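> Build me a model from this:
(one chain, ligands or ions: 1)
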Amino acid sequence: MTFTNPSSVLIVDDEAGIRTALRVSFARNGWAVETASGVNEATQLLENKDFQLVVSDMRMPDGDGLDVMRSARKMSSSTAVILLTAFGNVPDAVQAMRSGAFDYLTKPVSFEQLEEAASRVMRASAAAPRADHSEARSIVGRAPQLLRSLERARAAATTDADVLVEAESGTGKELLARFIHDASDRSRKPFIAVNCAAVPEHLLESELFGHARGAFTGATTAKAGKFELANGGTLLLDEIGDMPLNLQPKLLRALQEREFERLGETRSVKVDIRVIATTNVNLSAMVEEGKFRSDLYYRLAVIPLTLPALRDRAGDVELLAHYFVDKFSAKGRGPAQRVSEEFIERLNAHHWPGNVRELGNFMRRVCSLHPGVELDGSCFDQEFQGRSKVASVPASVPMFNPGAPIRQLERAHLESTLTMTQGNRTQAAEMLGISIRTMRNRIREYGLPPRRYA
Ligand SMILES: Nc1ncnc2c1ncn2[C@@H]1O[C@H](COP(=O)(O)OP(=O)(O)OP(=O)(O)O)[C@@H](O)[C@H]1O
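Next up is the predicted model:
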């Protein structure tokens with residue numbers, strides 16, 4: 001469905017005063033504004049007209065904001081929805097984000113805040129008229145740094161330029177890559193991911209570019225590589241820092257020319273793809289050390305993006321905790337598990353070096369070990385004591401020394417976890433909520449003694 005008016009907004013609220021105030025405020029921006037006093041009236045309007053944005057109250061006498069959102073989605077997947085929830089009603093907000101709301105704001109709403117959120121939708125829609133805002137559902141969070149990254153990603157999605165996402169492990173880089181793909185013109189075409197660190201070095205070239213029959217021992221049939229499989233769509237090169245130096249020139253040419261040869265063939269293959277690369281190691285430092293080609297780095301980073309670490313996303317730990325409780329405990333069986341303030345305080349006080357992945361793994365464990373009960377401080381302590389009892393943190397480690405550089409803390413945290421698991425990297429990676437390849441990278445990056453942690 002196409003928009004009949006590029007800047008039309010529907011306001012849904014049962015309070016006439018709020019409808020009028022918002023109408024006046026939005027109209028000042030030149031937007032065409034309509035209002036509805038409840039879910040039924042809103043549904044009728046949505047059936048007859050396309051809106052770019054719907055701003056809806058959550059609780060209304062004839063239904064709730066999620067009903068309005070469902071009606072909006074049914075008519076047009078491009079309509080963004082901002083929900084207004086009662087103060088402190090985090091479960092509502094989580095439900096809203098999961099169902100695909102573009103944003104939510106807590107009442108009483110400040111007009112500046114609402115106008116800012118609405119303007120963001122208008123800017124994004126102007127840039128990406130076909131973007132489907134429902135893809136925002138899996139990226140939970142509303143910290144300003146995260147929203148800024150999403151806004152940049154949404155803008156990147158409207159172009160065909162290659163993207164480099166540089167961020168810490170577990171912050172959602174792969175999620176962001178899918179978000180860009182889903183919001184782009186390529187969304188109906190393949191999204192193919194290759195983890196450069198997980199594929200053995202000698203197989204990476206054929207994995208990426210394919211091979212001819214008989215190109216090497218064991219190549220009994222010809223095979224297309226990921227570049228070909230992604231044709232028309234998006235290719236994610238995860239952990240690009242692990243790309244072997246000897247393969248980098250071929251990758252550079254494939255990026256520049258969109259053309260390459262399968263291993264063992266001379267015929268060139270042409271593809272039409274967008275490449276998104278991600279890394280959690282400092283690529284520019286690798287360039288300086290001669291471990292990564294600078295021309296390749298600049299070619300990949302046409303649009304550089306970052307994602308904030310969880311410790312820099314004030315308020316998001318709580319939002320994510322509710323999201324994970326909802327995801328891991330409810331599973332359609334009865335009401336969602338309750339979470340105490342004490343539990344949230346404990347979560348907030350912890351620094352999460354493994355970011356959202358670590359928090360998600362922790363919440364999964366807590367939900368499965370404490371089913372059906374309200375999660376409180378003792379649930380948190382039990383799970384953490386389970387880890388720290390056996391941990392012997394070296395006395396010299398500045399673990400909780402305020403002001404110590406984050407990298408120093410991270411190194412110490414890794415080291416003590418590895419000590420706890422007696423050098424078992426897989427187990428340590430799982431506890432920290434990071435992937436085994438990230439663990440390997442970190443051990444290398446921090447120069448932790450290899451034999452001790454082999
Ligand atoms: N904002 C978020 N909302 C919901 N889930 C999230 C969010 N960010 C990350 N996750 C979840 O956390 C896990 C890690 O995310 P992802 O794999 O995208 O991170 P990454 O930065 O690519 O990690 P790595 O560098 O270790 O590969 C996934 O299960 C993902 O679904």
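
> need the helix or strand of the protein with the lowest average pLDDT.
helix 90-98 (a mean of 66; mean pLDDT, DSSP states H and E).

> list the contacts for the residue in the chain positioned nearest to the ligand?
For the chain and the ligand, the shortest gap (C-beta to the nearest ligand atom) falls at residue 172, measuring 2.8 Å. The way it works is simple: take the backbone N, C-alpha and C, and place the C-beta from them, glycine included. Listed by C-beta atoms under 8 Å, 6 or more residues apart in numbering, the contact partners of residue 172 are 139, 307, 355, 356.

> Give me the distance between the last one and residue 342.
In other words, residue 356. Per C-beta to C-beta, to the nearest Å, residue 356 is found 22 Å from residue 342.

> now swap in the second one and tell me
Distance from residue 307 to residue 342, counting by C-beta to C-beta: 29 Å.

> Could you check which of those two has the larger neighbour count?
residue 307 (27 against 16; other C-beta atoms under 10 Å).

> show me what contacts the more buried one?
146, 149, 165, 167, 168, 171, 172, 173, 176.

> Of the residues you listed - the most surrounded one?
Counting neighbours by other C-beta under 10 Å, residue 165 comes out on top of those with 29 neighbours.

> Restricting to C-alpha, output the helix or strand harbouring that residue in PDB.
In this structure, residue 165 is located in strand 163-166 according to DSSP states H and E. Provided in PDB are the C-alpha atoms of strand 163-166 (Å, rounded to 0.1, in the frame of the first residue of the first chain):
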ATOM      1  CA  VAL A 163      28.500  -1.100   5.900                       C
ATOM      2  CA  LEU A 164      31.000  -1.900   8.700                       C
ATOM      3  CA  VAL A 165      29.600  -2.400  12.200                       C
ATOM      4  CA  GLU A 166      32.300  -2.100  14.900                       C
END
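
> and it with the ligand, contact?
No - Strand 163-166 stays clear of the ligand (C-beta under 6 Å from any ligand atom), getting no nearer than 7.9 Å.

> ok, and for the following helix or strand past that strand, which residues are buried?
Next along the chain after strand 163-166, taking DSSP H and E as the criterion, comes helix 173-182. By 16 or more other C-beta atoms under 10 Å, the buried positions in helix 173-182 come out as 173, 176, 177, 178, 179, 180, 181, 182.

> can you pull the contacts of the residue lying closest to residue 16 once chain neighbours are set aside?
Distances taken as C-beta to C-beta, 6 or more residues apart in numbering place residue 37 nearest to residue 16, at 7.3 Å, with adjacent residues excluded. Contacts for residue 37 (C-beta under 8 Å, 6+ apart) come out as 12, 13, 14, 16, 19.

> what's the neighbour count on the fourth one?
It refers to residue 16. Quick note: residue 16 (other C-beta under 10 Å) scores 10 neighbours.

> and if you look at the last one?
Other residues within reach of residue 19, judged by other C-beta under 10 Å, total 19.

> What residues does the stretch 151-300 of the chain have near the ligand?
Residues of the stretch 151-300 of the chain lying near the ligand (C-beta under 6 Å from any ligand atom): 167, 169, 170, 171, 172, 173, 174, 175, 278, 280.

> which stretches of the stretch 51-200 of the chain form strands?
Taking DSSP state E, counting those that start in this stretch, the strands of the stretch 51-200 of the chain run over residues 53-57, 59-60, 63-64, 80-85, 103-106, 163-166, 191-195.

> Dump the helix or strand containing residue 323 to CSV, keeping only the CA atoms.
Residue 323 is part of helix 316-325 when elements are defined by DSSP H and E. What follows is helix 316-325, C-alpha atoms only, in CSV (Å, rounded to 0.1, in the frame of the first residue of the first chain):
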residue,chain,number,x,y,z
ASP,A,316,18.0,-0.8,28.8
VAL,A,317,19.1,-3.5,31.2
GLU,A,318,15.7,-3.4,32.8
LEU,A,319,13.8,-3.3,29.5
LEU,A,320,15.9,-6.2,28.2
ALA,A,321,15.4,-8.2,31.4
HIS,A,322,11.6,-8.0,31.1
TYR,A,323,11.9,-8.8,27.4
PHE,A,324,14.0,-12.0,28.2
VAL,A,325,11.6,-13.0,31.1
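
> and after it, which helix or strand comes next?
helix 341-349.

> okay, and for the protein, where does confidence drop off?
Residue ranges of the chain with pLDDT under 70: 1-6, 76-78, 87-100, 123-138, 330-336, 385-405, 408, 420-422, 449-454.

> Kindly state the domain boundaries assigned to this protein.
Listed domain ranges for the chain are 8-137, 155-306, 310-388 (source: automatic domain parsing).

> Against residue 178, how distant is the nearest residue to residue 363 once chain neighbours are set aside?
Using C-beta to C-beta, 6+ apart and skipping residues adjacent in sequence, the residue nearest residue 363 is residue 324, 3.6 Å away. Between residue 324 and residue 178 the computed distance is 19 Å (C-beta to C-beta).

> Next: residue 9.
Following C-beta to C-beta, the distance that separates residue 9 from residue 178 is 28 Å.

> Which parts of the stretch 201-350 of the chain are strands?
Going by DSSP E, counting those that start in this stretch, the stretch 201-350 of the chain shows strands at 234-238, 259-261, 268-270, 274-279, 303-306.

> Mean neighbour count and distance to residue 426 for those strands - can I get that in CSV?
Output for the strands of the stretch 201-350 of the chain, formatted as CSV (neighbours: other C-beta atoms under 10 Å; distance: least, C-beta to C-beta, whole Å):
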stretch, mean neighbour count, distance to residue 426
strand 234-238, 25, 19
strand 259-261, 18, 34
strand 268-270, 13, 37
strand 274-279, 26, 22
strand 303-306, 18, 28
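
> nearest to residue 199, of these?
Residue 199 sits nearest to strand 234-238 of all the strands of the stretch 201-350 of the chain, at 10.2 Å, using C-beta to C-beta.

> and the closest one, what does it pack onto?
Strand 234-238 is packed against helix 173-182, strand 191-195, strand 274-279, with contacts defined by 3 or more C-beta pairs under 8 Å, 6 or more residues apart in numbering; DSSP states H and E.
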